[in-house]
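Engineer: have a look at this prediction, sequence included:
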Amino acid sequence: MSTPPRPPADPPVRKPVTLTKLAEMRALGEPIVMVTAYDHPSAVVAEEAGVDVVLVGDSAANNVLGYPDTVPVTVEELLMLAAAVRRGLKTPLLVGDLPFGSYEASDALAIQTAQRFVKAAGCDAVKLEGGGASAERAHAIVRAGVPVMGHVGLTPQTATMLGGYRAQGRTAMRARQVLEDALALQEAGCFAIVFEAIPAEVTDAIMGHMEVPIIGIGAGRSTDGQVLVLHDLLAIHDGIKPKFVKRFAAVKEEMRRGVEAYAEEVRTRRFPGPEHTYGIAPEELERLKADLPPVERVPAGR
């Protein structure tokens, strides 16, 4: 007698990613997967794909809100987007980006903004850019009870001061500054730090000094994880493509094809078809026609 086939096993239940989990992944050498996303559908995709961290980045400014760069985006705009992402996530750690002008002026302002991301949008943590004074702000936010992710190397909010959107740490002096910024953020209590647009060899040299998870974006393979913007890795838009971006799908092209096909069927009256319309009982239709007033016909040419 043959043994009946066993039903497929349910997929293992994933537990929510915590700061402790990220530290454990680093210790075990398990790569951390992080994406930047800005809305509920994207959050659902990230959840189902099993990523570890989702960042609601200030890059929403130019990726979904139509701004020329990240500077104009407001706290209110990012709070709205972060809340939408929160509603689509169960497992990944959710990090909200503190936009330009929302934390630099004082510790009090930084704490107030960070708390809004936690209370109003449901973020698990916040991210800020740069070392120096930003490390001081990070320390104040951490002391207030909100976890902070740091960000060194290319920091888009201050790209003008860095000479534009270009790799950082390409001289010994600049590389030393990247290290000092990272160490300052680590000392301030950041649970993780993003390294952006840094030569891989510089990252290799710095990693031995780091004790928290390092998430790379254009910083080589030796980091503890990688992050890409969902709109970049899926080619949802045709904006500037940084060297560190790899396209894993061509979503915008598929979207364009779909809309073109829809427009063509509307114009040729092939859509909607019978399968897309609702019916009415014949007797009800006859009753309706009997109740309608006569239609006045307008003579042709008038």
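Structural biologist: That came in fine, so what should we check first?
Engineer: distance of residue 277 from residue 271?
Structural biologist: 11 Å (C-beta to C-beta, to the nearest Å). Bear in mind the C-beta positions are built from the backbone N, C-alpha and C, glycine included.
Engineer: more neighbours: which of those two?
Structural biologist: residue 271 (13 against 7; other C-beta atoms under 10 Å).
Engineer: what about the spatially closest residue to residue 47 that is not a sequence neighbour, which helix or strand?
Structural biologist: Leaving aside its sequence neighbours, residue 47 sits nearest to residue 89 (C-beta to C-beta, 6 or more residues apart in numbering; 5.4 Å). In this structure, residue 89 sits in neither a helix nor a strand according to DSSP states H and E.
Engineer: surely residue 89 and residue 54 touch.
Structural biologist: Yes - contact status for residue 89 versus residue 54: in contact at 6.2 Å, counting by C-beta atoms under 8 Å.
Engineer: now do the shared contacts for these two.
Structural biologist: Taking C-beta atoms under 8 Å, 6 or more residues apart in numbering as the contact rule, residue 89 and residue 54 both touch 43, 46.
Engineer: neighbour count for those two, which is higher?
Structural biologist: A count of neighbours by other C-beta under 10 Å puts residue 54 above the other of residue 89 and residue 54, at 32 against 21.
Engineer: list the residues that contact the more buried one.
Structural biologist: The contact partners of residue 54, by C-beta under 8 Å, 6+ apart, come to 34-37, 43, 46, 85, 89, 92-95.
Engineer: residue 184 now?
Structural biologist: Going by C-beta under 8 Å, 6+ apart, residue 184 touches 131-132, 135.
Engineer: that older thread, measure the residue nearest to residue 47 to residue 170 for me?
Structural biologist: 36 Å.
Engineer: likewise for residue 17?
Structural biologist: Residue 17 is 33 Å from residue 170, by C-beta to C-beta.
Engineer: between these two, tell me which one has more neighbours.
Structural biologist: More neighbours surround residue 17 than the other of residue 17 and residue 170, with 21 against 13 (other C-beta under 10 Å).
Engineer: count of neighbours near residue 242?
Structural biologist: 17.
Engineer: element containing it, please.
Structural biologist: Residue 242 belongs to no helix or strand, assigned by DSSP H and E.
Engineer: residues near the closest residue in space to it that isn't next to it in sequence, how many?
Structural biologist: Nearest non-adjacent residue to residue 242, counting by C-beta to C-beta, 6+ apart: residue 218, 6.4 Å away. Residues near residue 218, counting by other C-beta under 10 Å, number 22.
Engineer: among the contacts of residue 54, which ones are in strands?
Structural biologist: Taking DSSP state E, the ones among the contacts of residue 54 that sit in strands are 34-36, 93-95.
Engineer: domain-wise, how is the protein divided?
Structural biologist: 19-249, 255-290 (automatic domain parsing).
Engineer: need the strands for the protein, in chain order.
Structural biologist: Going by DSSP E, the chain shows strands at 32-36, 53-56, 93-97, 125-127, 148-153, 192-196, 214-217, 225-229.
Engineer: Serialize those to a markdown table and add fields for distance to residue 22 and mean pLDDT.
Structural biologist: What follows is the strands of the chain, written out as a markdown table (distance: least, C-beta to C-beta, whole Å; pLDDT from 0 to 100):
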| stretch | distance to residue 22 | mean pLDDT |
| --- | --- | --- |
| strand 32-36 | 6 | 98 |
| strand 53-56 | 7 | 98 |
| strand 93-97 | 7 | 98 |
| strand 125-127 | 10 | 98 |
| strand 148-153 | 10 | 96 |
| strand 192-196 | 6 | 97 |
| strand 214-217 | 9 | 97 |
| strand 225-229 | 8 | 97 |
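Engineer: quick one: contacts for the nearest residue to residue 81 once chain neighbours are set aside?
Structural biologist: In this structure, residue 81 finds its nearest non-sequential neighbour in residue 38, 4.8 Å apart by C-beta to C-beta, 6+ apart. The neighbourhood of residue 38, defined by C-beta under 8 Å, 6+ apart, consists of 56-57, 60, 63-64, 81, 84-85, 230-231.
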